[in-house]
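Asks: Pasting a predicted model and its sequence here:
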Amino acid sequence: MLCEKDINFDFNLGICVKQASKIENFITAYMNLTNEEICLKSSLDHFKISTEITLDSLINFFLSYNNFNFQQIPDLGLSQIDNLIKDLCQLEDCEENLYKQLKQQIQQITQIVNEILKKIKNKTNMKGNDILKSLHCNIDKQILVQPKPLSILKPNLNPFTFELMDQNSIKQQEWYQITQSQQLDLKMTLKFFNINKGDLIIYSQLREHKNHVNTLNFMKNSNNFVSGSIDRSIIIWQENGHNQWKCQQKLNGHQEQISCLLLNNIDELIISGSQDGTIKFWMKQNQWICQQTISDHTGWVYSLSLNEEQNKLISCQTDQQILVIELLKWDKKWSVTQKLKVDQYGCRLCFINDNQFTFQPFCKEQIHLYELDSNTKWYKKVKQIAVKCGSSNDVSLFPQQYFKQKCLLVNKNGCNINLMRKQENGDFIIEQSIQYNSYIIFGQLSNDGEYLITWDYESKEIQIRKCKD
């Protein structure tokens, strides 16, 4: 007896087979577009983003004066009134300039759209819109007799466990940090391992820092990486072939040890946190330079996290507050927009998406979920979720990770690694909790979400666990 799921699957498959020839013809027509037309489409996307930025800049400029109380003007000094008049004059000029830019970009977009439509009409024998309409019409007719609507692809929410691969463990006496499938020890030597079907193979060792290495991040578009050390320096490592790296540049500026590092998605920005309480933003030009420093913290900066849009940064430290730092579109500067007070400081936090992040208070048996209020545009704590800890002490160098494809949050807390799954309703549940005999645990999830690599003080082993769905 066939189940309803099988019937729906066969029905959907039948639709795909019937429409296959039309879809193939449409794809063929699209592939006949010239490179020039594809470039024009890319330009259209660029102008769309540019227009949004221009409009947002205009709005933000007005908002800065929206709450100004003009009744206070008589209480201001002459110099303050003079500065206010100058600012208002600049505001008017900026409004006019931004309006001109917006109008010009809209005209350019219109021109590009018309040119694309003209070229498609002249060069393509098949009318793409007619094909799409035909496809939608035929599918809609067949959906009417279907018991349920067509399924929408969703993330894999099947239960999982990470199983220890005993034969792949490696003895290692000391260790501070893992990044992806690479590992560092405490003796200022960077050791690199390649994971091949769960096997760890060491292939390189580097020594440049003068003290222990706390944090390391590989770049996303190359095999170069960045390391931060107790010696207060950040080193940019450049691959020179054959799994070998050399020191490309040293960044100095922090007064205390480097505790955390971040790279943005296009590898042009490094964000560093330090025991000195500062967060520094390093921009890549001919050389990496410190563009900006945030000094609103009064304690050790433990953790940093960027949102998906790469325009918001959150940080936590020992001064019992979480900073929300936003990239201003007008002047491209980072600015603290919110300070969230917490009852207990924490070492770990992580963006889930642009509207949510999680925060782990130090050795507490709950993790806090924060969400963006749609009215105030401020983050607020909305939920506490039970997690395991098993210790009254902890170490900071094991950052939270959220793996979007599996809706998986990796949260180290005391002697436990809590592997949590985000549900369709937004709630988090613990799928698996791995308990150790020591709170000194370092590790990270691999980039593909398939392996959890850890080291703990009790076993003194690099251990690999493979995800089993």
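Replies: Everything's here; your move.
Asks: Might you list the low-confidence residue ranges for this structure?
Replies: 1-80, 82, 87-88, 90-95, 98, 105, 119-156, 168, 171-205 (pLDDT under 70).
Asks: which parts of stretch 322-338 are buried?
Replies: For stretch 322-338, the neighbour count (16 or more other CB atoms under 10 Å) marks 322-325, 327, 329, 334, 336, 338 as buried. Using the backbone N, CA and C atoms, a C-beta is placed for each residue, glycine as well.
Asks: same question, stretch 285-295
Replies: Result for stretch 285-295 [16+ other CB under 10 Å]: buried residues 288, 290, 294.
Asks: for the residues you listed, which one is nearest residue 414?
Replies: Within the buried residues of stretch 285-295, the smallest distance to residue 414 is 29.4 Å, found for residue 294 (CB to CB).
Asks: Name the nearest residue to the closest one, ignoring sequence neighbours.
Replies: residue 279 (4.3 Å; CB to CB, 6 or more residues apart in numbering).
Asks: Hmm, the one you found is touching residue 270, no?
Replies: No. Residue 279 is not in contact with residue 270 according to CB atoms under 8 Å; the separation is 11.1 Å.
Asks: what about these two, which has more around it?
Replies: Neighbour count, other CB atoms under 10 Å: between residue 279 and residue 270, residue 279 has more, with 27 against 23.
Asks: ok, what's across the strand from the more buried one?
Replies: residue 273, residue 294 (DSSP bridges).
Asks: mind listing what it touches?
Replies: Contacts for residue 279 (CB atoms under 8 Å, 6 or more residues apart in numbering) come out as 271-273, 293-294, 297, 301, 304, 313, 315, 323, 325.
Asks: ok, it to residue 354 distance?
Replies: 20 Å (CB to CB, to the nearest Å).
Asks: One more: residue 211?
Replies: 37 Å.
Asks: Could you do residue 313 as well?
Replies: On the measure of CB to CB, residue 313 and residue 354 end up 12 Å apart.
Asks: which residues do the two both contact?
Replies: residue 307.
Asks: Same drill for these two, tell me which one is more crowded.
Replies: Between residue 313 and residue 354, counting by other CB under 10 Å, residue 313 is the more crowded of the two (24 against 13).
Asks: any idea how far residue 351 is from that one?
Replies: 9 Å.
Asks: intersection of neighbour lists for the two?
Replies: By CB under 8 Å, 6+ apart, the residues touching both residue 313 and residue 351 are 305-307.
Asks: By neighbours, which of the residues you listed wins?
Replies: residue 305 (24 neighbours).
Asks: give the contact list for it.
Replies: 262, 313-315, 349-351, 357, 400.
Asks: same thing but 6 Å
Replies: If you count contacts by CB atoms under 6 Å, 6 or more residues apart in numbering, residue 305 has them with 314, 349-351.
Asks: what about it, distance to residue 271?
Replies: In terms of CB to CB, residue 305 sits 10 Å off from residue 271.
Asks: repeat for residue 97
Replies: 31 Å.
Asks: roughly how far apart are residue 455 and residue 258?
Replies: 20 Å.
Asks: Residues contacting stretch 340-360, please?
Replies: Taking CB under 6 Å, 6+ apart as the rule, stretch 340-360 contacts 302-303, 305, 307-309, 314, 316, 318, 320-322, 361-362, 364, 367-372, 396, 400, 402, 411, 413.
Asks: Just the ones in strands from those, please.
Replies: 302-303, 305, 314, 316, 321-322, 361, 367-372, 402, 411, 413 (DSSP state E).
Asks: The spatially closest residue to residue 416 that is not a sequence neighbour: what's it in contact with?
Replies: Nearest residue to residue 416, sequence neighbours excluded (CB to CB, 6+ apart): residue 388, at 4.2 Å. By CB under 6 Å, 6+ apart, the contact list for residue 388 reads 416, 418, 433.
Asks: pretty sure the last one is in contact with residue 418, am I right?
Replies: Spelled out, it's residue 433. Yes. The criterion here is CB atoms under 6 Å, and residue 433 meets it with residue 418 at 5.2 Å.
Asks: Residue 366: how many residues sit nearby?
Replies: The burial count for residue 366: 14, using other CB under 10 Å.
Asks: so where do the strands sit in the stretch 351-469 of the chain?
Replies: 356-361, 366-372, 379-386, 401-403, 408-413, 416-422, 428-435, 441-445, 451-456, 461-468 (DSSP state E, counting those that start in this stretch).
Asks: Just send those back as CSV, with distance to residue 245 too.
Replies: Shown next, in CSV, are these (distance: least, CB to CB, whole Å):
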stretch, distance to residue 245
strand 356-361, 33
strand 366-372, 36
strand 379-386, 38
strand 401-403, 24
strand 408-413, 27
strand 416-422, 29
strand 428-435, 32
strand 441-445, 19
strand 451-456, 20
strand 461-468, 20
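Asks: hey, which of those is tucked in deepest?
Replies: Most buried of the strands of the stretch 351-469 of the chain by mean neighbour count (mean count of other CB atoms under 10 Å) is strand 408-413; its value is a mean of 25.
Asks: So what are the sheet partners of that strand and their directions?
Replies: For strand 408-413, using DSSP bridges, the partner strands are strand 401-403 (antiparallel), strand 416-422 (antiparallel).
Asks: So what touches it?
Replies: 360, 387, 389, 398, 400-402, 418, 420, 445.
Asks: then it to CSV, C-alphas only?
Replies: Taking C-alpha atoms only, strand 408-413 is exported to CSV below (Å, rounded to 0.1, in the frame of the first residue of the first chain):
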residue,chain,number,x,y,z
LEU,A,408,23.1,23.3,14.6
LEU,A,409,24.5,25.4,17.5
VAL,A,410,27.7,24.2,19.2
ASN,A,411,27.9,25.6,22.7
LYS,A,412,30.7,24.6,25.1
ASN,A,413,29.7,25.2,28.8
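Asks: follow-up on the earlier one: what is the most widely separated pair among the buried residues of stretch 322-338?
Replies: 322 and 329 (22.8 Å).
Asks: Tell me the secondary structure at residue 118.
Replies: Under DSSP: H, G, I helix; E, B strand; the rest coil, the three-state class of residue 118 is helix.
Asks: Quick check: end-to-end length of stretch 440-458?
Replies: Using CA to CA, to the nearest Å, one end of stretch 440-458 lies 8 Å from the other.
Asks: and residue 83, how far is that from residue 89?
Replies: Counting by CB to CB - residue 83 and residue 89 are separated by 11 Å.
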